[in-house]
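Chemist: With the sequence up front, the predicted model follows.
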Amino acid sequence: MPAGEVFAALRTSPRGLAPADAAALLAGVGPNELPAARRRGRWRELAGQFTDLFAVVLLVASAITFLAYGLQDPRDAGTLQLAVAILCVVVLNAAIGFAQEYSAERTAESLQAMVRHTCRVLRDGERREVPSREVVPGDVVVLEAGDAVPADCRLVEAHEVSVNNAALTGESDAVGRTAHPVAAGPVLQARNCAFMGTDVVAGSAKAVVFATGTATEFGRIFRLTAAAPGRRTPLQRQVAVMARRVAGTALAIGALLFLVRLPTGQPFVETFVFALGVMVALVPEGLPATLSVSLAIGVRRMARRHALVKRLLAVEALGSTTVVCTDKTGTLTRAEMTVVRVWAGGTEHAVTGVGYAPDGEVADPEPVRALLRAAALCCDARLVPPPDGAGWRVLGDTTEGALLVAAAKAGLDPAAEEAAAPRVAEHPFDSGRKLMSTVHRETGGYRVYVKGAPQELLDRCVAADRAGERRPLTDALRAEAVAANDAMASRGLRVLAVARRSAPGPRPGRETAESELTLLGLVGMTDPPRPEVSDAVAACRRARIRIVMVTGDHPLTAEAVARRVGIVTGPAPAVVTGAAFEALDDAGLDALLDRPEELLLCRVSPEDKMRVVGALHRRGEVVAVTGDGANDAPALKHADIGVAMGASGTDVAREAALMVLLDDSFASIAAAVRLGRSVYQNIRKFLIYLFSHNIAELVPILAATFAGFPLVPISAVQILAIDLGSDVLPALALGAEPPEPDVMDRPPRSRKEQLFSRAVMGRILFLGGIQAAGVTAVFFWHIHASGIPYSRFTEDDTVYREGITMVQAGIVVSQFFNALAVRTERQSLFSAGPLSNPWLLAAGCSGVAVMAAISYLPPLQALFNTAPLAPGDWAVLAGLGVLLLAAEELRKAWLRRRGRTDRKGGTR
Ligand code: ATP
């Protein structure tokens, strides 16, 4: 159908629907969204928890214990208890894991909901931004490069527009679209239609919606799957490998103990149950749940700092970021443009007023009116007056908004100008070409208005306008324009050049339209730096994160802004512009990145950005890259952490990125890096905490075996009570520790660094060793003090029961101190504030309270075979904890001293 019939068929017009009609239609056809497909059944998810390696090992262990109980003669209630306890462990772990997965899913969903999904539509001829779910058939949508197509629509106006239909057809090449009628055929092949789920890659268009929601092609073939379960992150893999190793070691030790104990003449089943208990003791049961909880806490904290992380992977990658490639406009600056200077006819004119309210004046407006009229005609943005006294807003590009405001200040009415010279074609802005042009019908034929980056535009100019007179662009005139541009740019202004040409013949194509231009002049606008950015840049510097500015803007503007926010502090940064950058081969690029100066890449295209990311990767850097445009998507995908702008960016960039900044600010990247680092540190803290006490559980058992003591110093049920009772909450509290004050004062961790580094293993052995020596000594001291020979001890001997209670309580109490010890790596606990994590203290106290209950309450005494401890016993155990803390403080003090002497002695 021709466009006119399309409007009629859908009962709409080129001015779009009336707001009331749109609301009525919305009520009738329902919102433009797809119902979420049912996610993997809850039961299947729960069942999945039992197939995890830990769970399987424990289930087998429990089954064998039940079997052993069946074979025992006489039957020992302790064996049954153990079997049931292991089963409880599995169920408990599965429940925690399930709850965690569920909450992670909910978090992902709510994060998704925080990203805006809006589109622009015409309602009664006025351009409005509406939530995509409110689009109805008959709506006229305005599409631009980078937009996601909100619904199925028929194009009625197309300017060099192409779309990417990959989501629908699997074909990833961009395909051109037209607004003309096409031959009848399958709708998916109609070149004058754009479909929901696809993206506009280039150009701009207007289109009439004919299907929404489930009625769309996309809705028909696609059932929205719930957020993918997400691949396991390298961190989770590292932990899984470690856990497997530990499980293997546990099995081996269990088997060894079984073989050592068997010849001592003890009953087979008992020995077997004993070995099994040891094995269970060594498996870090609480680990998987604690790990995912702490990652999820990181994600939530980042969201609070305006950084939405789409996958857990990003949390840890962020912590190891070594380079941030940031753009300028909007990220470092506020993207609130105000034209302050206009250069025309050889002189600069000041413009007063700030913001988008057209209150202000152009000094001596007459000579600049033609320039501002051309600039305003060549704009797609619209100024929106304040609805209730609040500030004026720009719908669309803020650079263009500033031009419209300047035109208004010079006494022009952009709408009236457009009515007098209707636009018949446009060649939209793209950051590769760096300019934009529109073709208008005026008396005597067509007229083209062009605006863009001064360098690009000057290359296409053959003449310059002087007081309404067209003069050939001589070298002298060109040099004058370049000097005017440099003068404005070096003050940090964003400069645009404006030009025009007449085309008396047929309507010109893009090449003709954008050649042989007459320069009208230059416009300089301020874009103040965001106030919070300087501190964030300083933090990145201290954290030894390199910041590379990658911008489409002029080098002088870029440098001025970079200096203002602190990215450039040296006298001579390395400034490379697009053309020079393209001329570099890979070796040249590597050499450039090797240079120690601050690096600014200016007037570059998105493809150049991609090359920078590649080169940085080759150097082993972990790269975070910001982007907002549609053609930034490849660089965003390629980077370790693609960062898209939530407020101003395109849908395509947001889709490609791993992290979305809700406020677009560079400071949010720095905040996210800080949190990423702290998540990694916290994970280390609780790994050390959890693994070190395993040593304290194992060593007394080994000691007893080799000393010929017939019973175990701590039973498997007791160990499980520690692992899943008193230890869980402190481990979670460690996972939620606030960032250490100096996280951003250290260099990024090496990419090769293992979670279980030698330092971490060393700490596990150090802390675990002290705990182990303490509780073993306490146990044997108590046994010896009674004077009873080893061979006379039985399970229900009071001295023995007190002994094992001491061991369990010893581990619980020293874990309380251990939790405090692992909070800092080298900083003294006392300078960090021993009380600064109240949750940890509360969690530790609850662990001790559980232990006291196990020691004093008769039913628990019967279950755990424990006995009441005397106050003196507790004092001894607390002393053990204090000893552990003191040893740890000494070690940290030594580390700090060594750090200082290294720094003094080292070459810098
Ligand atoms: P950054 O990537 O740091 O945000 P940028 O926003 O300046 O930088 P681009 O958007 O690629 O980068 O713009 C590059 C240049 O193109 C600008 O310096 C400006 O001169 C010109 N320009 C920007 N927007 C427009 C526009 N709407 N119409 C015409 N020219 C424009």
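Modeler: Arrived safely.
Chemist: Pop out the phi and psi values for residue 353.
Modeler: phi 90, psi 150 (degrees, to the nearest 10).
Chemist: Look up which helix or strand residue 448 falls in, please.
Modeler: strand 445-452 (DSSP states H and E).
Chemist: can you pull the alpha-carbon coordinates of the following helix or strand past that strand into PDB?
Modeler: Following strand 445-452 in sequence order, the next helix or strand is helix 454-458 (DSSP H and E). The C-alpha trace of helix 454-458 is given here as PDB (Å, rounded to 0.1, in the frame of the first residue of the first chain):
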ATOM      1  CA  PRO A 454      34.600  21.600  12.100                       C
ATOM      2  CA  GLN A 455      37.400  19.700  10.500                       C
ATOM      3  CA  GLU A 456      35.100  17.300   8.600                       C
ATOM      4  CA  LEU A 457      32.900  20.200   7.500                       C
ATOM      5  CA  LEU A 458      35.800  22.500   6.400                       C
END
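Chemist: Skipping adjacent residues, who's closest to residue 374 in space?
Modeler: residue 449 (4.3 Å; Cβ to Cβ, 6 or more residues apart in numbering). (Glycine included, C-beta is placed from N, CA and C.)
Chemist: Identify the bridge partners of that neighbour.
Modeler: In this entry, residue 449 is beta-bridged to residue 438, residue 500, by DSSP bridges.
Chemist: ok, it - how many residues close by?
Modeler: The criterion is other Cβ atoms under 10 Å. On that basis, residue 449 has 26 neighbouring residues.
Chemist: for residue 275, what are its contacts?
Modeler: Shown in contact with residue 275 (Cβ atoms under 8 Å, 6 or more residues apart in numbering): 254-255, 257-258, 261.
Chemist: actually residue 827, not the one I wrote
Modeler: Per Cβ under 8 Å, 6+ apart, neighbours of residue 827: 740, 742, 892, 896.
Chemist: Show me which residues of stretch 5-17 are buried.
Modeler: Judged by neighbour count (16 or more other Cβ atoms under 10 Å), stretch 5-17 contains these buried residues: 6-7, 10, 12-13, 16-17.
Chemist: next one: stretch 660-669
Modeler: Buried residues in stretch 660-669 (16+ other Cβ under 10 Å): 660-662, 664-669.
Chemist: Kindly indicate which of these lies nearest the ligand.
Modeler: residue 664 (10.2 Å; Cβ to the nearest ligand atom).
Chemist: Confirm the closest one sits in a helix?
Modeler: No - Residue 664 is assigned coil when assessed by DSSP: H, G, I helix; E, B strand; the rest coil, not a helix.
Chemist: Hmm, it is touching residue 643, no?
Modeler: No - with contact defined as Cβ atoms under 8 Å, residue 664 does not reach residue 643; the gap is 9.7 Å.
Chemist: Please give the element, helix or strand, for residue 810.
Modeler: helix 798-821.
Chemist: Averaging pLDDT per element, find the lowest-scoring helix or strand in this structure.
Modeler: helix 166-169 (a mean of 73; mean pLDDT, DSSP states H and E).
Chemist: Skip ahead from that helix and say which helix or strand is next.
Modeler: strand 174-176.
Chemist: Against which helices or strands is the next helix or strand after the helix holding residue 810 packed?
Modeler: Per DSSP H and E, the first helix or strand lying C-terminal to helix 798-821 is helix 829-832. Counting by 3 or more Cβ pairs under 8 Å, 6 or more residues apart in numbering; DSSP states H and E, the packing neighbours recorded for helix 829-832 are helix 871-905.
Chemist: the inter-axis angle of the helix it packs on versus helix 798-821?
Modeler: For helix 871-905 against helix 798-821, the angle by axes from the mean of the first three to the mean of the last three Cα atoms, to 10 degrees is 30 degrees.
Chemist: So which bits of helix 871-905 are buried?
Modeler: 873-874, 876-878, 880-881, 883-885, 888, 891-892.
Chemist: Kindly present these as JSON lines, with separate columns for distance to the ligand and pLDDT.
Modeler: Formatted as JSON lines, the buried residues of helix 871-905 follow (distance: Cβ to the nearest ligand atom, whole Å; pLDDT from 0 to 100):
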{"residue": "873", "distance to the ligand": "67", "pLDDT": "94"}
{"residue": "874", "distance to the ligand": "64", "pLDDT": "95"}
{"residue": "876", "distance to the ligand": "65", "pLDDT": "95"}
{"residue": "877", "distance to the ligand": "61", "pLDDT": "95"}
{"residue": "878", "distance to the ligand": "59", "pLDDT": "95"}
{"residue": "880", "distance to the ligand": "59", "pLDDT": "94"}
{"residue": "881", "distance to the ligand": "55", "pLDDT": "94"}
{"residue": "883", "distance to the ligand": "57", "pLDDT": "94"}
{"residue": "884", "distance to the ligand": "53", "pLDDT": "95"}
{"residue": "885", "distance to the ligand": "51", "pLDDT": "94"}
{"residue": "888", "distance to the ligand": "48", "pLDDT": "93"}
{"residue": "891", "distance to the ligand": "48", "pLDDT": "93"}
{"residue": "892", "distance to the ligand": "44", "pLDDT": "91"}
